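Asks: Next comes the sequence, and after it the predicted model I'd like to discuss.
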Amino acid sequence: MEPTQTLALEDIDLSDVEFWTRPPAEREGAFLTLREEDPIRFFAEPQISEMFPPGRGYYSLTRHADVVEASKHPALFCSGSGTNIPDMPTEFLEFLGSIINMDDPRHARLRRIVSRGFTPRQLDAMKSDVEATAAGILDEVIERGEGDFVTDVAAILPLRIIVDLMGIPRSQEKFIFDRTNVILGLADEEYVPDQTEGGIMTALLGAAQDLTLLITELGEARMKDPKEDLTTALVTAEVDGEMLTPSELASFFVLLVVAGNETTRNAISHGLLALTEHPEQRDRWQADVDGLAPTAVEEIVRWATPVIHFRRTVTEDGARIGEREFSEGDKVVLWYSSANRDPAVFDDPFAFDLGRAPNDHLGFGGPGPHFCLGAHLARREITVMYQELFRRVPDIRAVGEPVRLRSNFINGIKHLPAEWTPRAAS
Ligand code: HEM
């Protein structure tokens, strides 16, 4: 997709919700203008509600090198004051964000504990057969020849994998799906019909509370009666004599289901859209499904950039990025979506090229302590999903406009009509 530069620099306002409903090519055009003309531009924050005064505004890092620089220096650009743009009370930060909203040493301590449950070996050892799960999902729809690719296919795989890994009954899948949609789709009426401040808060806290109750009960059950699942690994993991507290477990679970579901789902959905729009790339992958998979999956994550940004907060006066000097408390926003189109790093950045190498995208975050814990799992899920699709429904394609999520944080597709030649379930 080629960007269209319809907005002059002074007319770009990343804080305006309407900006995020503009067509993708226009948004790409605006970020292109920012990278070229003012790569660390300041934006004021809007007054979201009567209750909360507007924050102090934020500097927008739009170039790849600057996003990397901030990610690499967590002591100067920290996560503990929040990683979304609006400021939140401290209790909320941990409740909703767990380790993503923490700094070392606490972040490192908790990440060490949860990583124990997350090594490739640990994941392999658990009953998470990604291939069989992906095949089962296709079986449920394959005879129909049409469907909503997002809700029938793309959203189900990461959800089912997390549910199976954690040892949660599959009957709870829909319950978790609905709550993660609320948490990451707060600005979207489809998920939160009451768009008043009170309505949004009630929906957010209610969804997080529901997930907390579910995992607390399960964690208690596993303490008494351990099983071969990630919940057991998490409640029994010990690092230097320390274990997760019940509230740390609950917050980590909320992060896991939210971070693990919405992101991978959107990578898979954007993948089908891009393959439909670039038939030559689709033919190329189809001709060498396994061989091209490693680079193709990275390109899908770069192309989709499911997480549009995260924020950091400056910890001391004089911290710098390039020539720009910041003051303590300044907020900087790391626009991964923009970094992933930076021509300083990517040749022909607006081309969808499944063989792209090198591909130093920041889709899983920049280098640093918060690099995505689930990157290995996500890559595996995307790879397997496309292997199954190419094998079982090779002519699957998007046949209508995607319905996009209204968000400046998640590059979401809510619905994507698709068709394929019907086949018998296996
Ligand atoms: C394509 C799929 C995915 C994308 C694009 C993605 C993206 C990201 C990004 C950008 C970060 C960095 C946060 C920061 O720097 O503040 C992150 C962190 C994280 N991700 Fe992912 N993610 C994906 C899949 C997953 C999966 C499948 C899981 C788990 C099941 C997961 C769990 C996490 C966790 C726990 C963190 C926090 C790490 C920390 O703060 O130390 N992610 N992810």
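Replies: Looks like it arrived, so ask away.
Asks: so what's the backbone phi/psi at the residue nearest to I168 when sequence neighbours are not counted?
Replies: The shortest distance from I168 to any non-neighbouring residue, by Cβ to Cβ, 6 or more residues apart in numbering, is to L218 (6.5 Å). Bear in mind the C-beta positions are built from the backbone N, C-alpha and C, glycine included. Per-residue torsions, L218: phi -70, psi -40 (degrees, to the nearest 10).
Asks: For L218, which residues are in contact?
Replies: Residues in contact with L218 (Cβ atoms under 8 Å, 6 or more residues apart in numbering) are 166-168, 231.
Asks: can you give me the mean pLDDT across stretch 346-354?
Replies: Here stretch 346-354 scores 98 as its mean pLDDT.
Asks: no, scratch that, I was asking about stretch 395-402
Replies: Here stretch 395-402 scores 96 as its mean pLDDT.
Asks: Buried residues of that stretch, list them for me.
Replies: 396-398, 402 (16 or more other Cβ atoms under 10 Å).
Asks: Now tell me what touches it from outside.
Replies: 146, 149, 269, 272-273, 275-276, 389, 413-421.
Asks: Give me the neighbour count for G412.
Replies: Neighbourhood size, G412 [other Cβ atoms under 10 Å]: 25.
Asks: I'd like to know how far the spatially closest residue to it that is not a sequence neighbour sits from L275.
Replies: Nearest non-adjacent residue to G412, counting by Cβ to Cβ, 6+ apart: L405, 3.0 Å away. For L405, the distance to L275 equals 20 Å [Cβ to Cβ, to the nearest Å].
Asks: ok so, going back, highest neighbour count among the contacts of L218?
Replies: Most neighbours among the contacts of L218, by other Cβ under 10 Å: M166, with 26 neighbours.
Asks: L354 is in contact with Q286, isn't it?
Replies: No. Using Cβ atoms under 8 Å, L354 is not in contact with Q286, being 10.5 Å away.
Asks: So which of these two has more stuff around it?
Replies: Set L354 next to Q286 and count neighbours by other Cβ under 10 Å: L354 wins out with 23 against 16.
Asks: Look up the closest residue to that one, ignoring the ones flanking it.
Replies: Of all residues not flanking L354 in the chain, A296 sits nearest, at 4.1 Å (Cβ to Cβ, 6+ apart).
Asks: Could you find the closest non-adjacent residue to the residue in the chain that the ligand sits nearest to?
Replies: Nearest to the ligand in the chain, going by Cβ to the nearest ligand atom, is G374, at a distance of 2.0 Å. The shortest distance from G374 to any non-neighbouring residue, by Cβ to Cβ, 6+ apart, is to G260 (5.3 Å).
Asks: ok so S60 is a strand residue?
Replies: Yes. With DSSP: H, G, I helix; E, B strand; the rest coil as the criterion, S60 is part of a strand.
Asks: tell me which residues form a beta bridge with it?
Replies: Beta-bridge partners recorded for S60 (DSSP bridges): R41, V333.
Asks: Surely it and S337 touch.
Replies: No. Between S60 and S337 there is no contact under Cβ under 8 Å: 11.2 Å.
Asks: And the strands in the stretch 151-300 of the chain?
Replies: Read by DSSP state E, counting those that start in this stretch, the stretch 151-300 of the chain holds no strands at all.
Asks: mind listing what T263 touches?
Replies: Applying Cβ under 8 Å, 6+ apart to T263 gives the contacts 158, 306-307, 374, 378, 410.
Asks: Can you lay out these as TSV showing pLDDT, neighbour count and secondary structure?
Replies: Below are the contacts of T263 laid out as TSV (pLDDT from 0 to 100; neighbours: other Cβ atoms under 10 Å; DSSP: H, G, I helix; E, B strand; the rest coil):
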residue	pLDDT	neighbour count	secondary structure
P158	94	29	helix
P306	98	26	coil
V307	97	23	strand
G374	92	20	coil
A378	93	24	helix
I410	93	20	strand
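Asks: now the residues you listed as CSV including distance to M223?
Replies: Formatted as CSV, those follow (distance: Cβ to Cβ, whole Å):
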residue, distance to M223
P158, 27
P306, 34
V307, 33
G374, 24
A378, 29
I410, 34
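Asks: Tell me where the model's unsure across the stretch 101-250 of the chain.
Replies: Filtered on pLDDT under 70, the stretch 101-250 of the chain yields the residue ranges 122-123, 125-128.
Asks: Get me the contact residues on it for the ligand.
Replies: Residues of the stretch 101-250 of the chain that fall close to the ligand, judged by Cβ under 6 Å from any ligand atom: 111, 158, 162.
Asks: Hmm, T313 and G329 touching each other?
Replies: Yes. Using Cβ under 8 Å, G329 is in contact with T313, at 6.6 Å.
Asks: Please identify which of these two sits among more neighbours.
Replies: Neighbours per residue, other Cβ under 10 Å: of G329 and T313, the larger number sits with T313, 21 against 12.
Asks: Can you pull the residues of the stretch 251-400 of the chain lying near the ligand?
Replies: Going by Cβ under 6 Å from any ligand atom, the residues of the stretch 251-400 of the chain near the ligand are 255-256, 259-260, 263-264, 267, 301, 306-307, 310, 336, 363-365, 369-370, 372-374, 377-378.
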